[in-house]
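Enquirer: Any chance you can model this:
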Amino acid sequence: MSSYEQLHRQCRTLENLLDTKLNSYSQLVSTFSKGSDDVEANDDLLEKLEENNEKLAELSSKPETVSQSMLRAIQRHRELFQDNVREVKRTKASVKNAMDQANLLSGVRNDIDAYRSTAADSLLAERGRIDSSHHMTDTIIEQAYETRAEFGRQRVDISSINTRMAGVLNTMPGINNIVGMIKSRRRRDSIIMGVLIGTCIFLLLWYLW
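Expert: Predicted coordinates for the structure are as follows:
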């Protein structure tokens with residue numbers, strides 16, 4: 001009897017513990033942050049409960065040691081054990097589905113994050129190229145403005161030089177006359193030299209003939 005009472009109490013205790021575990025475990029399925037630990041704990045409780053049920057079954061095989069009420073209690077423990085086995089299997093399947101979904105969502109989320117990161121990097125690189133192009137364009141425009149300004153300064157300098165030269169020529173009108181006389185003398189000398197050379201050639205040919 002004492003053995004039956006001890007096994008009966010142990011079964012009741014294990015069944016209550018397992019029932020509590022399964023209830024709390026069902027609430028954690030959505031998060032399953034401690035799922036694997038709870039599954040192992042449930043498996044341990046089922047294993048102990050199975051051992052006690054086997055011992056009770058051995059006692060029930062000896063009708064002289066147990067009463068009808070004890071047999072009904074043993075049968076009830078066996079039924080509860082089967083129910084708990086099915087419940088643990090169902091809960092394991094629920095956890096596996098939840099974990100698969102979470103892994104899928106995590107993979108999709110990682111892909112989205114990777115795409116966003118790649119897109120952001122591409123946008124930043126494109127922005128860098130655009131900024132570089134703008135900077136180059138600004139530099140070219142600045143150089144063009146500087147070149148135009150330099151041409152303007154040179155034009156002013158040339159105009160100033162022409163103005164000064166004209167002023168000098170205006171203050172010395174005799175220079176133009178002198179230059180003209182020099183040119184006229186050079187033309188006259190060229191003509192005289194041409195005539196003289198032609199005459200000499202003519203006389204030389206006449207003499208030889």
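
Enquirer: pLDDT weak spots in this protein?
Expert: The chain contains residues with pLDDT under 70 at 1-2, 24-41, 63, 111, 114-115, 165-176, 179.

Enquirer: how far does the helix of greatest length in it sit from the chain's center?
Expert: Longest helix of the chain, by residue count under DSSP state H: helix 68-171. Its chain's C-alpha centre and that of helix 68-171 lie 5 Å apart, by Cα atoms, centre = their mean, to the nearest Å.

Enquirer: Name the next helix or strand downstream of it, please.
Expert: Helices and strands here follow DSSP states H and E; after helix 68-171, the next one along the chain is helix 174-208.

Enquirer: so what's A73 closest to, chain neighbours aside?
Expert: Nearest non-adjacent residue to A73, counting by Cβ to Cβ, 6 or more residues apart in numbering: H8, 6.2 Å away. In short, each C-beta sits where N, CA and C put it, glycine included.

Enquirer: and that neighbour, how many neighbours?
Expert: 17 (other Cβ atoms under 10 Å).

Enquirer: can you check L196 too?
Expert: 10.

Enquirer: roughly how far apart are it and L18?
Expert: According to Cβ to Cβ, to the nearest Å, L196 stands 145 Å off from L18.

Enquirer: cool, and I112?
Expert: According to Cβ to Cβ, I112 stands 41 Å off from L18.

Enquirer: Understood, closing this out.
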